[in-house]
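[1] Return a 3D structure for these sequence lines:
(one chain, ligands or ions: 1)
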Amino acid sequence: MTADSQGFSTRAIHAGQPADPTTGAVVTPIYATSTYLQDGVGRMRGGYEYSRTKNPTRRALEECLAALEEGRHGFAFASGLAAEDTLLRAVCAPGDHVVIPDDAYGGTFRLFDKVASRWGLDYTPAKISDVAAVRAAVTPRTRIVWVETPTNPLLGIADIAALAQLAHDAGALLVVDNTFASPYLQQPLVLGADVVVHSTTKYLGGHSDVVGGALVVDDDSLADELAFHSNSMGAISGPFDAWLTLRGAKTLAVRMERHCDNAERIVEWLGGRDEISHILYPGLETHSGHEVAAKQMRRFGGMVSFRMRAGEEAAVAVCDRAELFTLGESLGGVESLIEHPGRMTHASAAGSPLEVPGDLVRLSVGIEDVEDLIADLARAFGG
Ligand SMILES: *Cc1c(COP(=O)(O)O)cnc(C)c1O
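    So this is what the prediction gives:
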(Lines give C-alpha, C1' and ligand atoms only; values in the text may rest on other atoms or scores of the structure.)
Protein backbone atom coordinates (compact mmCIF):
# COMPACT_ATOMS: atom_id res chain seq x y z
CA MET A 1 0.00 0.00 0.00
CA THR A 2 1.50 3.37 -0.96
CA ALA A 3 1.26 6.39 1.28
CA ASP A 4 -0.95 8.04 -1.34
CA SER A 5 -3.66 5.47 -1.00
CA GLN A 6 -3.78 5.57 2.79
CA GLY A 7 -6.53 7.36 4.66
CA PHE A 8 -6.05 10.75 6.29
CA SER A 9 -5.56 9.59 9.88
CA THR A 10 -3.22 6.78 8.86
CA ARG A 11 -1.05 9.38 7.14
CA ALA A 12 -1.28 11.72 10.15
CA ILE A 13 -0.02 8.98 12.45
CA HIS A 14 2.56 7.34 10.19
CA ALA A 15 3.73 9.53 7.30
CA GLY A 16 7.38 10.51 7.78
CA GLN A 17 7.43 8.67 11.10
CA PRO A 18 8.85 5.16 10.75
CA ALA A 19 10.22 3.62 13.96
CA ASP A 20 13.59 5.13 14.86
CA PRO A 21 16.27 3.12 12.99
CA THR A 22 18.75 3.18 15.90
CA THR A 23 16.58 2.22 18.86
CA GLY A 24 13.23 1.16 17.44
CA ALA A 25 11.51 4.02 19.29
CA VAL A 26 7.95 4.10 17.95
CA VAL A 27 7.64 7.84 18.41
CA THR A 28 9.99 10.07 16.41
CA PRO A 29 12.60 11.33 18.91
CA ILE A 30 13.37 14.99 19.56
CA TYR A 31 16.73 15.27 17.82
CA ALA A 32 18.13 18.05 19.98
CA THR A 33 21.36 18.42 18.08
CA SER A 34 22.80 21.25 16.03
CA THR A 35 25.39 19.20 14.18
CA TYR A 36 26.12 15.65 12.98
CA LEU A 37 29.16 13.40 12.80
CA GLN A 38 30.65 13.12 9.33
CA ASP A 39 32.28 9.83 8.34
CA GLY A 40 34.94 11.62 6.35
CA VAL A 41 35.39 15.13 5.03
CA GLY A 42 32.21 15.93 3.10
CA ARG A 43 30.76 12.46 3.79
CA MET A 44 27.52 12.80 5.74
CA ARG A 45 26.34 9.70 7.54
CA GLY A 46 22.55 10.04 7.32
CA GLY A 47 22.09 13.03 5.03
CA TYR A 48 22.30 15.53 7.89
CA GLU A 49 25.09 18.06 8.47
CA TYR A 50 23.62 21.02 10.39
CA SER A 51 20.15 21.48 11.89
CA ARG A 52 19.27 24.80 10.26
CA THR A 53 19.50 23.00 6.96
CA LYS A 54 17.85 19.74 8.02
CA ASN A 55 16.89 18.03 11.28
CA PRO A 56 15.29 14.57 11.58
CA THR A 57 12.44 15.66 13.90
CA ARG A 58 11.60 18.61 11.67
CA ARG A 59 11.92 16.37 8.62
CA ALA A 60 9.34 13.96 10.08
CA LEU A 61 6.90 16.83 10.58
CA GLU A 62 7.56 18.17 7.08
CA GLU A 63 6.90 14.79 5.48
CA CYS A 64 3.76 14.33 7.54
CA LEU A 65 2.41 17.77 6.60
CA ALA A 66 3.17 17.17 2.92
CA ALA A 67 1.29 13.86 3.10
CA LEU A 68 -1.70 15.51 4.79
CA GLU A 69 -1.91 18.21 2.12
CA GLU A 70 -1.22 15.72 -0.68
CA GLY A 71 1.79 17.77 -1.76
CA ARG A 72 5.29 16.45 -2.42
CA HIS A 73 7.30 18.90 -0.30
CA GLY A 74 6.74 20.31 3.18
CA PHE A 75 8.70 22.95 5.11
CA ALA A 76 8.30 23.75 8.81
CA PHE A 77 9.02 27.19 10.27
CA ALA A 78 9.23 28.93 13.62
CA SER A 79 5.81 30.54 13.07
CA GLY A 80 3.16 31.03 10.43
CA LEU A 81 4.51 34.49 9.70
CA ALA A 82 8.05 33.13 9.32
CA ALA A 83 6.64 30.73 6.71
CA GLU A 84 4.90 33.61 4.93
CA ASP A 85 7.99 35.81 4.97
CA THR A 86 10.17 33.02 3.60
CA LEU A 87 7.65 32.36 0.84
CA LEU A 88 7.51 36.03 -0.19
CA ARG A 89 11.26 36.28 -0.47
CA ALA A 90 11.53 33.01 -2.33
CA VAL A 91 9.03 33.93 -5.04
CA CYS A 92 8.81 37.73 -5.19
CA ALA A 93 11.19 40.50 -6.22
CA PRO A 94 10.97 44.29 -5.77
CA GLY A 95 8.32 45.69 -8.11
CA ASP A 96 6.09 42.63 -7.86
CA HIS A 97 2.48 42.90 -6.78
CA VAL A 98 0.33 40.67 -4.60
CA VAL A 99 -3.45 40.45 -4.24
CA ILE A 100 -4.48 39.81 -0.62
CA PRO A 101 -7.87 39.21 1.03
CA ASP A 102 -9.63 42.37 2.22
CA ASP A 103 -10.09 40.65 5.58
CA ALA A 104 -6.72 38.90 5.74
CA TYR A 105 -5.34 37.68 9.06
CA GLY A 106 -4.09 40.83 10.84
CA GLY A 107 -0.48 39.66 11.01
CA THR A 108 -0.45 38.78 7.32
CA PHE A 109 -1.80 42.23 6.49
CA ARG A 110 0.88 43.84 8.67
CA LEU A 111 3.60 41.78 6.96
CA PHE A 112 2.50 43.13 3.56
CA ASP A 113 1.64 46.63 4.71
CA LYS A 114 4.54 47.44 7.02
CA VAL A 115 7.36 45.07 6.09
CA ALA A 116 7.17 43.76 2.52
CA SER A 117 6.09 47.16 1.17
CA ARG A 118 9.38 48.64 2.37
CA TRP A 119 11.18 46.09 0.23
CA GLY A 120 9.32 47.09 -2.90
CA LEU A 121 6.38 44.71 -2.90
CA ASP A 122 2.98 46.30 -3.24
CA TYR A 123 -0.42 44.79 -2.62
CA THR A 124 -4.10 45.29 -3.33
CA PRO A 125 -6.77 44.06 -0.93
CA ALA A 126 -9.67 42.40 -2.75
CA LYS A 127 -12.88 40.68 -1.77
CA ILE A 128 -11.69 37.17 -2.48
CA SER A 129 -15.16 35.62 -2.30
CA ASP A 130 -15.81 37.55 -5.54
CA VAL A 131 -13.81 36.12 -8.46
CA ALA A 132 -14.48 39.21 -10.61
CA ALA A 133 -13.14 41.48 -7.85
CA VAL A 134 -9.95 39.43 -7.66
CA ARG A 135 -9.58 39.54 -11.44
CA ALA A 136 -9.96 43.34 -11.35
CA ALA A 137 -7.20 43.57 -8.73
CA VAL A 138 -4.68 41.55 -10.77
CA THR A 139 -2.09 43.58 -12.67
CA PRO A 140 0.63 42.52 -15.13
CA ARG A 141 3.01 42.66 -12.14
CA THR A 142 0.96 40.32 -9.96
CA ARG A 143 3.11 37.44 -8.75
CA ILE A 144 0.82 36.01 -6.06
CA VAL A 145 -2.90 35.79 -5.51
CA TRP A 146 -3.08 35.19 -1.76
CA VAL A 147 -6.19 33.66 -0.32
CA GLU A 148 -7.48 32.58 3.06
CA THR A 149 -10.58 30.45 3.09
CA PRO A 150 -12.48 30.59 5.34
CA THR A 151 -11.24 34.10 6.11
CA ASN A 152 -10.43 35.42 9.54
CA PRO A 153 -12.55 36.72 11.22
CA LEU A 154 -15.41 37.18 8.75
CA LEU A 155 -15.55 33.56 7.51
CA GLY A 156 -15.67 34.54 3.85
CA ILE A 157 -15.21 31.72 1.34
CA ALA A 158 -12.97 31.84 -1.73
CA ASP A 159 -13.45 29.44 -4.64
CA ILE A 160 -9.99 27.83 -4.72
CA ALA A 161 -10.37 26.06 -8.08
CA ALA A 162 -11.68 29.20 -9.82
CA LEU A 163 -8.95 31.40 -8.33
CA ALA A 164 -6.23 28.88 -9.25
CA GLN A 165 -7.36 29.16 -12.86
CA LEU A 166 -7.48 32.96 -12.66
CA ALA A 167 -4.01 33.17 -11.06
CA HIS A 168 -2.48 30.80 -13.59
CA ASP A 169 -4.02 32.67 -16.52
CA ALA A 170 -2.32 35.80 -15.14
CA GLY A 171 1.04 34.02 -14.72
CA ALA A 172 0.74 34.23 -10.92
CA LEU A 173 0.79 31.67 -8.13
CA LEU A 174 -2.23 30.89 -6.00
CA VAL A 175 -1.24 30.75 -2.33
CA VAL A 176 -3.84 29.46 0.11
CA ASP A 177 -3.57 30.02 3.85
CA ASN A 178 -5.30 26.84 5.00
CA THR A 179 -4.98 27.53 8.73
CA PHE A 180 -8.72 27.87 9.42
CA ALA A 181 -9.78 24.73 7.59
CA SER A 182 -6.78 22.48 8.30
CA PRO A 183 -5.85 19.79 5.75
CA TYR A 184 -8.53 17.54 7.21
CA LEU A 185 -11.32 19.79 5.97
CA GLN A 186 -9.72 21.17 2.79
CA GLN A 187 -6.77 20.38 0.53
CA PRO A 188 -5.98 23.39 -1.66
CA LEU A 189 -3.21 21.74 -3.72
CA VAL A 190 -5.68 19.13 -4.92
CA LEU A 191 -7.95 21.99 -6.02
CA GLY A 192 -5.16 23.60 -8.08
CA ALA A 193 -3.39 25.92 -5.60
CA ASP A 194 0.41 26.20 -5.86
CA VAL A 195 1.32 26.77 -2.22
CA VAL A 196 -0.41 25.98 1.07
CA VAL A 197 0.48 28.11 4.08
CA HIS A 198 -0.24 27.08 7.66
CA SER A 199 0.03 28.57 11.04
CA THR A 200 0.54 25.16 12.68
CA THR A 201 0.07 27.06 15.95
CA LYS A 202 -3.66 26.56 15.35
CA TYR A 203 -5.48 23.33 14.42
CA LEU A 204 -2.46 21.30 13.34
CA GLY A 205 -0.69 21.68 16.69
CA GLY A 206 -4.12 21.86 18.25
CA HIS A 207 -3.22 22.25 21.93
CA SER A 208 -2.19 25.91 22.19
CA ASP A 209 1.24 24.90 23.39
CA VAL A 210 3.47 25.71 20.42
CA VAL A 211 3.95 28.38 17.73
CA GLY A 212 4.84 27.16 14.25
CA GLY A 213 4.24 27.51 10.54
CA ALA A 214 4.46 25.48 7.37
CA LEU A 215 4.52 25.63 3.60
CA VAL A 216 3.53 22.73 1.36
CA VAL A 217 4.04 22.64 -2.42
CA ASP A 218 3.95 20.07 -5.16
CA ASP A 219 6.30 21.65 -7.69
CA ASP A 220 9.94 20.55 -7.47
CA SER A 221 11.58 23.80 -8.58
CA LEU A 222 9.42 25.85 -6.23
CA ALA A 223 10.42 23.41 -3.47
CA ASP A 224 14.10 23.98 -4.30
CA GLU A 225 13.61 27.74 -3.96
CA LEU A 226 11.85 27.28 -0.62
CA ALA A 227 14.54 24.93 0.69
CA PHE A 228 17.22 27.42 -0.35
CA HIS A 229 15.44 30.34 1.32
CA SER A 230 14.53 28.36 4.42
CA ASN A 231 18.19 27.52 4.90
CA SER A 232 19.42 30.99 3.93
CA MET A 233 16.95 32.88 6.13
CA GLY A 234 16.94 30.33 8.95
CA ALA A 235 13.43 30.84 10.36
CA ILE A 236 13.04 27.09 10.91
CA SER A 237 11.06 25.12 13.46
CA GLY A 238 13.18 23.84 16.35
CA PRO A 239 13.08 20.10 17.09
CA PHE A 240 10.97 20.34 20.24
CA ASP A 241 8.40 22.56 18.52
CA ALA A 242 8.36 20.22 15.53
CA TRP A 243 7.79 17.26 17.85
CA LEU A 244 4.89 18.95 19.66
CA THR A 245 3.30 19.85 16.33
CA LEU A 246 3.72 16.31 15.05
CA ARG A 247 2.15 14.96 18.25
CA GLY A 248 -0.81 17.27 17.73
CA ALA A 249 -1.23 16.45 14.06
CA LYS A 250 -1.78 12.75 14.81
CA THR A 251 -5.23 13.49 16.27
CA LEU A 252 -6.25 16.18 13.78
CA ALA A 253 -9.11 14.22 12.22
CA VAL A 254 -10.85 13.30 15.48
CA ARG A 255 -10.38 16.77 16.88
CA MET A 256 -11.75 18.43 13.73
CA GLU A 257 -14.86 16.25 13.74
CA ARG A 258 -15.57 17.31 17.30
CA HIS A 259 -14.78 20.99 16.60
CA CYS A 260 -17.31 20.83 13.74
CA ASP A 261 -19.96 19.02 15.83
CA ASN A 262 -19.67 21.60 18.61
CA ALA A 263 -19.60 24.58 16.23
CA GLU A 264 -22.76 23.37 14.49
CA ARG A 265 -24.58 23.06 17.81
CA ILE A 266 -23.47 26.54 18.88
CA VAL A 267 -24.52 28.06 15.56
CA GLU A 268 -27.93 26.50 16.04
CA TRP A 269 -28.17 27.98 19.53
CA LEU A 270 -26.98 31.42 18.36
CA GLY A 271 -29.70 31.31 15.71
CA GLY A 272 -32.31 31.56 18.46
CA ARG A 273 -30.81 34.63 20.15
CA ASP A 274 -32.33 38.05 19.49
CA GLU A 275 -29.16 39.87 20.58
CA ILE A 276 -27.43 38.78 17.38
CA SER A 277 -27.80 40.48 14.01
CA HIS A 278 -25.58 38.17 11.91
CA ILE A 279 -24.07 34.73 12.35
CA LEU A 280 -21.04 34.13 10.16
CA TYR A 281 -20.58 30.39 9.56
CA PRO A 282 -20.10 28.79 6.12
CA GLY A 283 -22.19 25.81 7.19
CA LEU A 284 -25.33 27.97 7.17
CA GLU A 285 -27.28 27.69 3.94
CA THR A 286 -27.88 31.44 4.14
CA HIS A 287 -24.09 32.11 4.10
CA SER A 288 -23.08 33.57 0.72
CA GLY A 289 -20.18 31.13 0.44
CA HIS A 290 -22.09 28.05 1.51
CA GLU A 291 -22.24 26.39 -1.91
CA VAL A 292 -18.53 26.85 -2.63
CA ALA A 293 -17.63 25.74 0.90
CA ALA A 294 -19.77 22.61 0.52
CA LYS A 295 -17.95 21.83 -2.74
CA GLN A 296 -14.39 22.25 -1.44
CA MET A 297 -14.59 21.45 2.29
CA ARG A 298 -15.39 18.19 4.07
CA ARG A 299 -17.21 20.06 6.86
CA PHE A 300 -17.40 23.73 7.86
CA GLY A 301 -14.94 24.03 10.73
CA GLY A 302 -14.80 25.19 14.30
CA MET A 303 -14.66 28.97 13.82
CA VAL A 304 -17.84 30.97 14.32
CA SER A 305 -18.24 34.75 14.28
CA PHE A 306 -21.31 36.81 15.08
CA ARG A 307 -22.35 40.45 15.30
CA MET A 308 -24.18 41.98 18.23
CA ARG A 309 -27.25 44.00 17.35
CA ALA A 310 -26.52 46.46 20.18
CA GLY A 311 -23.06 47.32 18.84
CA GLU A 312 -19.46 47.35 19.95
CA GLU A 313 -19.86 47.69 23.73
CA ALA A 314 -22.24 44.72 23.76
CA ALA A 315 -19.70 42.66 21.81
CA VAL A 316 -16.94 43.61 24.26
CA ALA A 317 -19.22 42.77 27.21
CA VAL A 318 -19.94 39.25 25.91
CA CYS A 319 -16.20 38.65 25.53
CA ASP A 320 -15.55 39.94 29.04
CA ARG A 321 -18.33 37.90 30.68
CA ALA A 322 -17.53 34.52 29.12
CA GLU A 323 -15.62 32.23 31.44
CA LEU A 324 -15.28 28.76 29.93
CA PHE A 325 -14.65 30.46 26.59
CA THR A 326 -11.26 31.89 27.49
CA LEU A 327 -10.74 35.49 26.40
CA GLY A 328 -7.69 35.28 24.20
CA GLU A 329 -6.17 35.54 20.76
CA SER A 330 -5.31 32.54 18.62
CA LEU A 331 -7.59 29.65 17.70
CA GLY A 332 -7.69 25.99 16.85
CA GLY A 333 -6.83 24.52 20.25
CA VAL A 334 -8.81 21.96 22.22
CA GLU A 335 -10.03 24.72 24.54
CA SER A 336 -12.66 27.23 23.44
CA LEU A 337 -11.59 30.85 22.98
CA ILE A 338 -13.53 34.07 22.53
CA GLU A 339 -12.23 37.40 21.32
CA HIS A 340 -13.12 40.84 20.04
CA PRO A 341 -11.28 41.07 16.67
CA GLY A 342 -11.62 44.87 16.37
CA ARG A 343 -9.67 45.47 19.57
CA MET A 344 -7.55 42.30 19.64
CA THR A 345 -6.41 40.19 16.66
CA HIS A 346 -7.33 42.78 14.05
CA ALA A 347 -6.49 45.97 15.94
CA SER A 348 -3.53 46.51 13.59
CA ALA A 349 -6.01 46.79 10.67
CA ALA A 350 -7.89 49.73 12.23
CA GLY A 351 -8.29 52.60 9.78
CA SER A 352 -7.27 50.40 6.83
CA PRO A 353 -9.48 48.73 4.22
CA LEU A 354 -9.18 45.62 6.39
CA GLU A 355 -10.83 47.15 9.46
CA VAL A 356 -13.40 44.75 10.96
CA PRO A 357 -16.81 45.72 12.42
CA GLY A 358 -16.76 46.73 16.10
CA ASP A 359 -19.85 44.64 16.92
CA LEU A 360 -18.07 41.43 15.88
CA VAL A 361 -17.25 38.54 18.26
CA ARG A 362 -15.15 35.55 17.16
CA LEU A 363 -15.32 32.10 18.71
CA SER A 364 -12.82 29.31 18.34
CA VAL A 365 -15.07 26.46 19.40
CA GLY A 366 -13.10 23.85 21.29
CA ILE A 367 -13.79 20.20 21.97
CA GLU A 368 -15.26 20.49 25.48
CA ASP A 369 -18.80 19.22 26.19
CA VAL A 370 -21.01 21.44 24.07
CA GLU A 371 -23.71 21.80 26.76
CA ASP A 372 -21.14 23.52 28.97
CA LEU A 373 -20.08 25.81 26.14
CA ILE A 374 -23.66 26.82 25.45
CA ALA A 375 -24.33 27.42 29.15
CA ASP A 376 -21.29 29.69 29.24
CA LEU A 377 -22.48 31.69 26.24
CA ALA A 378 -25.96 31.99 27.76
CA ARG A 379 -24.36 33.42 30.91
CA ALA A 380 -22.20 35.79 28.83
CA PHE A 381 -25.30 37.02 27.00
CA GLY A 382 -26.86 37.76 30.37
CA GLY A 383 -29.31 34.85 30.79
C1 LIG B 1 -2.26 32.75 13.30
C2 LIG B 1 -2.38 32.90 11.84
C3 LIG B 1 -1.29 33.23 11.04
C4 LIG B 1 0.08 33.56 11.62
O5 LIG B 1 0.64 32.47 12.23
P6 LIG B 1 1.65 32.57 13.50
O7 LIG B 1 1.93 31.15 13.79
O8 LIG B 1 0.92 33.29 14.59
O9 LIG B 1 2.84 33.34 13.04
C10 LIG B 1 -1.47 33.31 9.68
N11 LIG B 1 -2.67 33.08 9.13
C12 LIG B 1 -3.76 32.77 9.86
C13 LIG B 1 -5.06 32.52 9.18
C14 LIG B 1 -3.66 32.67 11.24
O15 LIG B 1 -4.74 32.39 11.97
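
[2] In space, what's closest to residue 37 - neighbours in sequence excluded?
    Nearest non-adjacent residue to residue 37, counting by CB to CB, 6 or more residues apart in numbering: residue 45, 5.9 Å away. C-betas here are computed from N, CA, C, even on glycine.

[3] what's the neighbour count on that neighbour?
    Residue 45: 11 surrounding residues under other CB atoms under 10 Å.

[4] Please renumber the chain so that the first residue is 483 from this point on.
    In the new count, where the first residue is 483, that last one comes out as residue 527.

[5] quick one, phi/psi of it?
    Main-chain dihedrals, residue 527, degrees, to the nearest 10: phi -80, psi -50.

[6] same deal with the one 4 residues further on?
    Backbone geometry at residue 531, expressed as degrees, to the nearest 10, gives phi -130, psi -30.

[7] so where do the strands sit in the chain?
    Here the chain has its strands, by DSSP state E, at 520-522, 525-526, 555-559, 579-583, 604-608, 624-630, 655-659, 677-681, 695-699, 758-762, 785-790, 808-809, 819-821, 842-846.

[8] Now do the contacts for residue 560.
    Contacts for residue 560 (CB atoms under 8 Å, 6 or more residues apart in numbering) come out as 693-695, 717-720, 723.

[9] do that again at 7 Å, thanks
    Contacts for residue 560 (CB atoms under 7 Å, 6 or more residues apart in numbering) come out as 694, 717-719.

[10] Can you read off the pLDDT for it?
    For residue 560, the model assigns a pLDDT of 98.

[11] need the residues of the stretch 683-832 of the chain near the ligand, please.
    683-684, 693, 695 (CB under 6 Å from any ligand atom).

[12] Of those, which is the most crowded?
    Result: residue 695 is most packed of those (other CB under 10 Å), 27 neighbours.

[13] Now that residue. Nearest residue, chain neighbours left out?
    residue 565 (3.4 Å).

[14] That neighbour and the ligand, how far apart?
    8 Å (CB to the nearest ligand atom, to the nearest Å).

[15] which ones are touching that residue?
    Applying CB under 7 Å, 6+ apart to residue 565 gives the contacts 559, 679, 695-697.

[16] for residue 590, same thing?
    Per CB under 7 Å, 6+ apart, neighbours of residue 590: 566, 659.

[17] Next up, the contacts around the residue of the stretch 533-682 of the chain found nearest the ligand.
    Of the residues in the stretch 533-682 of the chain, the one nearest the ligand is residue 562, at a distance of 2.2 Å by CB to the nearest ligand atom. Residue 562 is in contact with 661, 679-681, 683, 695, counting by CB under 7 Å, 6+ apart.

[18] switch to 6 Å and redo it
    Contacts for residue 562 (CB atoms under 6 Å, 6 or more residues apart in numbering) come out as 681, 695.

[19] what's the longest helix anywhere in the chain in contact with?
    Longest helix of the chain, by residue count under DSSP state H: helix 734-752. Residues outside helix 734-752 that contact it (CB under 6 Å, 6+ apart) are 490-491, 494, 664, 666, 688, 758, 761, 763, 781, 784, 786, 788, 847, 849, 852, 856.

[20] Give the rounded mean pLDDT of it.
    Mean pLDDT, computed over helix 734-752, is 98.

[21] ditto for stretch 816-824
    pLDDT averaged over stretch 816-824 gives 97.
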